[in-house]
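A.B. asks: just to be clear, the model below is a prediction. Sequence and coordinates:
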Amino acid sequence: MTSFRIACRMTQTASAALIGLALLACPASATTESAGTAARNETIVRQAFDNWVDGGNVFAELLASDVSWTIHGSGPVAGTYTSIEDFVEDASLPLISRLSTPLVPEVHDIWAVGDTVIIRFDGSATTTSGAPYANQFVWIFRMTDGVVTEAEAFLDLVAYGEVVDNNEPRAE
C-alpha cells in the first residue's frame, strides 16, 4: 500500500472517530428535547391561527407582554416594538381600525425547529372604503415556554400603507 493510501485511510478513520465523538457529546435527549419543543410550539401556533380564523385574537394568545416584534422594510411602521402594547397600538391598530371586516389568515406553511416557528400566510379583508385588502406575510417567532418572546415580520408595507393612508378608521 502506498503512503498516500495509508494517509487517506488514516484521515478517513480520524474523521469517523471525530464524528463519533461529536455524536457522543450531543446526547440524543437534547435532540429529542428540541424536537419535542418544536412540536409543542408548532401546535400552539397552529391552534392560535385556527382560533384567529374563527375570530380569536392571535396576538393575545401568542405574545409575551414584553415581546420584541420587528417589522422589516421601510416606511413608518417598520421598526422594532418592545411590548405587546406598543406593537398593537402603533403597528396593528392603524391597519385593523381601517378594515370593515376582520383580517382572515390563510396559512400556507408552518415550520418549527426547536424554539423557532415560521409561518407563511396570506391575509385578506375589506377596508372601510369597501376596497379589498390582501397581503402576504412571513412571521418568524422565537418562543419561550409556549409564548412568543421575539418576532420578525415580513409583509408588503406598501399595501399596508395604502390602507392606512386611504381609509378612515372605523367609528367605534
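C.D. replies: Looks like it came in fine. Numbering: from 1, shown residues only.

A.B. asks: need the longest helix for the chain.
C.D. replies: Identified as the longest helix of the chain according to DSSP state H is helix 28-53.

A.B. asks: measure the residue positioned nearest the centre of the chain to Pro102 for me?
C.D. replies: Nearest to the geometric centre of the chain sits Ile140, at 2.3 Å (Cα atoms, centre = their mean). Ile140 is 23 Å from Pro102, where distance means Cβ to Cβ, to the nearest Å. C-betas here are computed from N, CA, C, even on glycine.

A.B. asks: could you do Val158 as well?
C.D. replies: Distance of Val158 to Pro102, computed by Cβ to Cβ: 22 Å.

A.B. asks: show me where the chain has its strands.
C.D. replies: Taking DSSP state E as the criterion, the chain carries its strands at 63-71, 79-81, 104-113, 116-126, 132-144, 147-155.

A.B. asks: direction included, what does the longest one pair against?
C.D. replies: Partner strands for strand 132-144, per DSSP bridges, with pairing direction: strand 116-126 (antiparallel), strand 147-155 (antiparallel).

A.B. asks: go on, the third one?
C.D. replies: For strand 104-113, the pairing partners within the sheet under DSSP bridges are strand 116-126 (antiparallel).

A.B. asks: need the residues that contact the strand it pairs with.
C.D. replies: Contacts with strand 116-126, where a contact means Cβ atoms under 8 Å, 6 or more residues apart in numbering, come from 38, 41-42, 45, 49, 99-112, 132-143.

A.B. asks: so which of Val158 and Pro102 has more stuff around it?
C.D. replies: Between Val158 and Pro102, Pro102 has the larger neighbour count (other Cβ atoms under 10 Å), namely 15 against 11.

A.B. asks: in this protein, where is pLDDT below threshold?
C.D. replies: Low-confidence segments of the chain (pLDDT under 70): 1-32.

A.B. asks: rewinding a little: in a markdown table, list the strands of the chain along with distance to Glu168.
C.D. replies: Listed next are the strands of the chain as a markdown table, based on distance: least, Cβ to Cβ, whole Å:
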| stretch | distance to Glu168 |
| --- | --- |
| strand 63-71 | 23 |
| strand 79-81 | 24 |
| strand 104-113 | 21 |
| strand 116-126 | 14 |
| strand 132-144 | 14 |
| strand 147-155 | 22 |
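
A.B. asks: fine by me, we can end here.
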